[in-house]
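**Student:** The following block contains a protein sequence and its predicted model.
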Amino acid sequence: QVQFVESGGGLVQPGGSLRLSCAASRFAFSRYAMSWYRQAPGKERELVATITNTGGSTDYADSVKGRFTISRDNAKNTLYLQMNSLQPEDTAVYYCHTTVYYQYYWGQGTQVTVSS
């Protein structure tokens, strides 16, 4: 059973930075693309960023391009999301995600709150 444990969320002022981590286990992490999603109160879950299994290619939602960076360390089975220039509209629960054999897997989420 695929497992994820996210960490690194918290309260930050506008313009600040956070680095999220997602520790993966119980599957061949290095073989699969990974993504970060987020869900704000009252809104649908949205894709934030995706990275290929090798880390050689990434893609971002327009709303975070130039501010967020997705990366991974396959030796540590860990996915990261560096978030800079955070704004109140980035407030959400952030989830790591993968699809293995057509099954969707999600972490428990980590809360990010951007407020002064």
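**Tutor:** Nice, I can see it.
**Student:** Next, the spatially most central residue of the chain: secondary structure please.
**Tutor:** For the chain, the residue sitting closest to the mean C-alpha position, by CA atoms, centre = their mean, is W36 at 3.0 Å. For W36, the assignment made with DSSP: H, G, I helix; E, B strand; the rest coil gives strand.
**Student:** In this structure it contacts Y80, no?
**Tutor:** No. W36 lies out of contact with Y80 (CB atoms under 8 Å); the separation is 9.1 Å. C-beta: built from backbone N, CA, C; applies to glycine.
**Student:** Skipping adjacent residues, who's closest to the residue nearest to the centre of the chain in space?
**Tutor:** Computed as CB to CB, 6 or more residues apart in numbering, the closest residue to W36 that is not its neighbour in sequence is V48, at 4.4 Å.
**Student:** ok, how many other residues are close to the one you found?
**Tutor:** 24 (other CB atoms under 10 Å).
**Student:** which residues sit in contact with it?
**Tutor:** Going by CB atoms under 8 Å, 6 or more residues apart in numbering, V48 touches S35, W36, Y37, R38, Y60, A61, V64, F68, I70, L81, Y94.
**Student:** nearest spatial neighbour of the fourth one, skipping sequence neighbours?
**Tutor:** I take that to be R38. Nearest to R38 is A92, by CB to CB, 6+ apart, at 3.8 Å.
**Student:** repeat for the fifth one
**Tutor:** Using CB to CB, 6+ apart and skipping residues adjacent in sequence, the residue nearest Y60 is A49, 4.9 Å away.
**Student:** Adjacent strands (with direction) for the host helix or strand of that neighbour?
**Tutor:** Assigned by DSSP states H and E, A49 belongs to strand 46-51. Strand 46-51 pairs in its sheet with strand 34-39 (antiparallel), strand 58-60 (antiparallel), by DSSP bridges.
**Student:** Appreciated, that's everything.
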